[in-house]
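[1] show me how the following folds:
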Amino acid sequence: MTFESLTYAHKEEVMDFIAARVDKMMGAGVPKDIRQAVLAGSNFLVPQMLAAAEALQVASQADNYKPAVESLARVFNLAEKAPADMTVNSDLFENDQEKALAQAVANLSLGDDIKENLDQLFGLSPVIDAFFDNTMVMSDDEALKNNRLALLSALAQKAKTVAAFNKLNTK
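    Numbers count the residues shown, from 1 in each chain. Presented below is the predicted three-dimensional model:
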């Protein structure tokens, strides 16, 4: 394949090649689930991807890792069901936990410091858990359900700049 033949039709092959190289750069010392989660994220800056893998590996030894990852994984799994064109409508919030999660998502400011980003995301765990404990996401009311899914999708999109947390193994 020559440089001239690198068209949009070859994008998937190029991305797979780059992902394989970044996976190799992370090294065998990084657990497979962490490598997969970082590679499935939306950040394609290699130094930040490597930093995310390192930060997740360090964080995996902390006591708050399992509950935080499980909370974020639940967000990711439900966010996949969100309609693509939905936006969050605060007028549809029915409880304080929905409002708190929406405020937390709005205040979430992820930058270049991957460890700080991870700390912010893990800090949301109690807010996420309170939301799930008090809110029926898959409501029979289509507008409520889609609004809640849009809220979770907004959080997942931000969190995905670090990693796809539903790819991490907490067992």
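
[2] which neighbouring elements make contact with the longest helix along the chain?
    Ranked by residue count and defined by DSSP state H, the top helix of the chain is helix 142-159. Applying 3 or more Cβ pairs under 8 Å, 6 or more residues apart in numbering; DSSP states H and E, one finds that helix 142-159 contacts helix 65-79, helix 96-107. (C-beta placed from N, C-alpha, C; glycine too.)

[3] Throw the ones you listed into a markdown table and include mean neighbour count, distance to Ile128 and mean pLDDT, thanks.
    Converted to a markdown table, the helices and strands packed on helix 142-159 look like this (neighbours: other Cβ atoms under 10 Å; distance: least, Cβ to Cβ, whole Å; pLDDT from 0 to 100):
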| stretch | mean neighbour count | distance to Ile128 | mean pLDDT |
| --- | --- | --- | --- |
| helix 65-79 | 20 | 4 | 97 |
| helix 96-107 | 16 | 7 | 98 |
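
[4] quick one: which of those helices is nearest Asn146?
    helix 65-79 (11.7 Å; Cβ to Cβ).

[5] give me the angle between that closest one and helix 142-159.
    Helix 65-79 runs at 130 degrees relative to helix 142-159, counting by axes from the mean of the first three to the mean of the last three Cα atoms, to 10 degrees.

[6] what distance separates helix 65-79 from the centre of its chain?
    How far helix 65-79 lies from its chain's middle: 8 Å, per Cα atoms, centre = their mean, to the nearest Å.

[7] neighbouring contacts of that helix?
    Contact partners of helix 65-79, identified using Cβ atoms under 8 Å, 6 or more residues apart in numbering, comprise 59, 121-122, 124-125, 128-129, 132, 137, 149, 152-153, 155-157, 159-160, 164-166, 168, 170.

[8] what's the answer for stretch 138-158, then?
    With contacts defined as Cβ under 8 Å, 6+ apart, stretch 138-158 is touched by 42, 75-76, 78-79, 81-83, 86-89, 92-94, 98, 101-102, 105, 108, 110, 124, 128, 135, 137.

[9] flag the shaky bits of this structure, pLDDT-wise.
    1-7 (pLDDT under 70).

[10] the helices in it, which residues?
    Under DSSP H, the chain gives helices at 11-26, 32-39, 46-59, 65-79, 96-107, 114-123, 125-134, 142-159.

[11] tell me how many other residues surround the nearest residue to Leu101 once chain neighbours are set aside.
    In space, and not counting its chain neighbours, Leu101 is closest to Phe131: 4.4 Å by Cβ to Cβ, 6 or more residues apart in numbering. For Phe131, the count of nearby residues is 27 (other Cβ atoms under 10 Å).
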